[in-house]
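K.L.:
Below: sequence and its predicted model.
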Amino acid sequence: MTDPRPAAVVVLAAGEGTRMKSATTPKVLHPLCGRTMLGHVVAAARGLDPEHLVVVVGHAREQVTAHLAEVDPAARAVVQEQQNGTGHAVRVALEALPDLTGTVVVVPGDAPLLTAATLAELVRVHELAGAATTLLTARLPDPTGYGRVVRNGGSVSAVVEHKDADDATRAIDEVATSVYAFDAAALMTSLQSLTTDNAQGEEYLTDVVGLHKAAGRTVTAHIAVVPEETMGVNDRVQLSEARRLLRDRVVADHQRAGVTVVDPLTTWIDVDVTLAPDVTVHPGCQLHGRTTVAAGAVVGPDTTLTDTEVGEHAVVLKSHCTGVVVGAGADVGPYTYLRPGTRLGARSKAGAFVEIKASEVGEGSKVPHLSYVGDATIGAGSNVGAATVFVNYDGRDKHRTTVGDGVRIGSDTMLVAPVEIGDGAYTAAGSVITKDVPAGALGVGRAQQRNIEGWVSRRRPTDQPDDQGKQQP
């Protein structure tokens, strides 16, 4: 059966989040595993395919609204001018959606572990019960700080905020998670009756439960199968814990799909990373952004990939790559830095202590060690000797170097761009190449060596060794 489609999902993201202790970043924009908290919540909400997706903003509204436009342009931001509580926030949202009928789902913007599957089950339970309100609840070993779910004979009779609860109520381990499914008409009626007669002096959305109960409407609850999903984030300690839990979830999903993750505890994989079956990820790796790794590739140990594409059976060892394409069977590392715009062809090599930026390295070509390649095109089957520098910057502008197929660049060569090395050409070790080298030619750009006989005995007599082979004092 197709999951029911809610009329609207309302995301509450107006709060300041003072416990995050951040002078620059709104609470819901703190990141974990490749998305902000708000980004995770919006993605889960969008998984329900709601007719309307509304995000209530308030504190730092310009930043939050701009971010929302990036992650979900179809979502609508509604401003809560004064943060007068969760009930008031939902009322502001619904006033922007007149004549709404059906199910309204309300979720907090600081619950990044929520999944679309759990929200869909909440909606299904709600609509099967014909309820006015359905709460998503959880049983927690330590429910401190959460509103307690008070039941009467199994049915929900009220939700009592922690600050307003007596000792008996605080002993209840079932908590409200600030996630709800409501009947739109019943919700709108009850929101008009909310008061601020409570410890916070705010309009509590939780009070809708009591109002619906008093009106004889059906109030039910769905207990989350995975309690951790309902976790809210109020400070950086909780953010770190949520990040760890999400990391564990993402890694486990990849493992079940056929990826070998040698040490999950030291492996961080963003939610938008794609790993094919039979990929191996060694300890100490971070895979960020929209990185993709093809079948049979080996990543790590100690490697960071950001928005990088790794081809089949490639190896990336102890390296940092951002905005890079690594061809099938290519070999990268160790201690290699590949910067945006780098494209390594099939079976190519970027070896130890090599930096490459905005360059193409052709099929089977090698930059084995201790070299810098910037703004260059290297053909197929070429070799770049150790300590070579592609001198691409004249202090004001960047220039490109072109190296043809089958070229041999001697060690310690400076290629001063713009310059072109033709197919099959060589450069002599230690050369400074400032002019094009034709195909098949040898480019030499260095002074001719000369030896001065007897120079040491005349100019540095104390450097001469004694009879035992030691230098004289």
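P.N.:
Thanks, I have the structure now.

K.L.:
Count the residues that sit near Glu127.
P.N.:
Residue crowding around Glu127 was assessed by other C-beta atoms under 10 Å; the count is 17. Quick note: C-beta positions are derived from backbone N, CA and C, even for glycine.

K.L.:
part of a helix, is Val90?
P.N.:
Yes - counting by DSSP: H, G, I helix; E, B strand; the rest coil, Val90 is located in a helix.

K.L.:
just checking, it touches Leu12?
P.N.:
Yes - with contact defined as C-beta atoms under 8 Å, Val90 counts as touching Leu12 (7.4 Å).

K.L.:
list residues touching both of those two?
P.N.:
56, 106 (C-beta atoms under 8 Å, 6 or more residues apart in numbering).

K.L.:
Helix, strand, or coil at Glu420?
P.N.:
strand.

K.L.:
from here on, count from 35
P.N.:
Sure, I'll start counting at 35 from here, so that last one is Glu454.

K.L.:
List the residues that contact it.
P.N.:
Per C-beta under 8 Å, 6+ apart, neighbours of Glu454: 435-438, 470-471.

K.L.:
how about low-confidence regions in the stretch 385-507 of the chain?
P.N.:
498-507 (pLDDT under 70).

K.L.:
swap that for the chain, please
P.N.:
35-36, 498-507.

K.L.:
Over to the residue nearest to Ile206 when sequence neighbours are not counted: give its phi and psi.
P.N.:
Nearest in space to Ile206, with sequence neighbours left out and distances taken as C-beta to C-beta, 6 or more residues apart in numbering, is Arg182 at 4.2 Å. Main-chain dihedrals, Arg182, degrees, to the nearest 10: phi -90, psi 140.

K.L.:
Go ahead and confirm Arg182 touches Lys197.
P.N.:
No - the pair Arg182 and Lys197 fails to qualify as a contact (C-beta under 8 Å) at a distance of 11.2 Å.

K.L.:
So the two - more neighbours on which side?
P.N.:
Using other C-beta under 10 Å, the more surrounded residue of Arg182 and Lys197 is Arg182, with 24 against 10.

K.L.:
How many neighbouring residues does Gly92 have?
P.N.:
Gly92 has 21 nearby residues by other C-beta under 10 Å.

K.L.:
Mind listing the residues bridging to it?
P.N.:
Ala94 (DSSP bridges).

K.L.:
and the contacts of Glu454, which of them are in strands?
P.N.:
435-437 (DSSP state E).

K.L.:
most surrounded residue in those residues?
P.N.:
Top of the ones in strands among the contacts of Glu454 by neighbour count (other C-beta under 10 Å): Val437, with 31 neighbours.

K.L.:
picking that back up, any chance of a markdown table for the ones in strands among the contacts of Glu454, columns distance to Arg377?
P.N.:
As requested, the ones in strands among the contacts of Glu454 are arranged in a markdown table below (distance: C-beta to C-beta, whole Å):
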| residue | distance to Arg377 |
| --- | --- |
| Thr435 | 15 |
| Thr436 | 15 |
| Val437 | 14 |
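
K.L.:
Kindly list the longest strand within this protein.
P.N.:
Ranking each strand of the chain by length (DSSP E) puts strand 208-217 first.

K.L.:
right, and the helix or strand after that strand?
P.N.:
Next along the chain after strand 208-217, taking DSSP states H and E as the criterion, comes helix 218-225.

K.L.:
relative to strand 208-217, how tilted is the helix or strand just after that following helix?
P.N.:
Per DSSP H and E, the first helix or strand lying C-terminal to helix 218-225 is helix 241-248. Computed by axes from the mean of the first three to the mean of the last three C-alpha atoms, to 10 degrees, the angle separating helix 241-248 from strand 208-217 equals 70 degrees.

K.L.:
Residues contacting helix 241-248, please?
P.N.:
121, 166-167, 169, 190-193, 214, 216, 220-221, 224-225, 227-229, 232, 252-253.

K.L.:
where exactly do the strands run in the stretch 385-507 of the chain?
P.N.:
389-391, 394-395, 400-403, 406-408, 410-412, 417-418, 423-425, 435-437, 442-443, 448-450, 453-455, 460-461, 466-467, 476-477 (DSSP state E, counting those that start in this stretch).

K.L.:
And for the stretch 185-334 of the chain?
P.N.:
Going by DSSP E, counting those that start in this stretch, the stretch 185-334 of the chain shows strands at 189-194, 208-217, 253-257, 294-295, 302-303, 308-309, 314-315, 320-322, 326-327, 332-333.

K.L.:
Thr447 is nearest to which of these?
P.N.:
Thr447 lies closest to strand 332-333 among these, at 31.3 Å (C-beta to C-beta).

K.L.:
looking just at contacts, which helices and strands does that closest one meet?
P.N.:
Judged by 3 or more C-beta pairs under 8 Å, 6 or more residues apart in numbering; DSSP states H and E, strand 332-333 is in contact with strand 314-315, strand 349-350.

K.L.:
Distance check, the closest residue to Val126 other than its chain neighbours against Ala127.
P.N.:
Closest residue in space to Val126, ignoring its immediate chain neighbours: Gln114 at 4.9 Å, by C-beta to C-beta, 6+ apart. From Gln114 over to Ala127 the distance is 8 Å, taken as C-beta to C-beta, to the nearest Å.

K.L.:
Also Ala380?
P.N.:
Taking C-beta to C-beta, one finds Ala380 at 53 Å from Ala127.

K.L.:
Show me where this protein has its helices.
P.N.:
Applying DSSP state H to the chain gives helices spanning 71-80, 95-105, 120-129, 150-163, 201-204, 218-225, 241-248, 270-290, 489-493.

K.L.:
Out of those, which one sits most buried?
P.N.:
Burial of the helices of the chain is given as mean neighbour count (mean count of other C-beta atoms under 10 Å); helix 71-80 ranks first at a mean of 24.

K.L.:
helices or strands up against it?
P.N.:
Using 3+ C-beta pairs under 8 Å, 6+ apart, helix 71-80 sits against strand 42-47, strand 86-91, helix 95-105, strand 137-142, helix 150-163.
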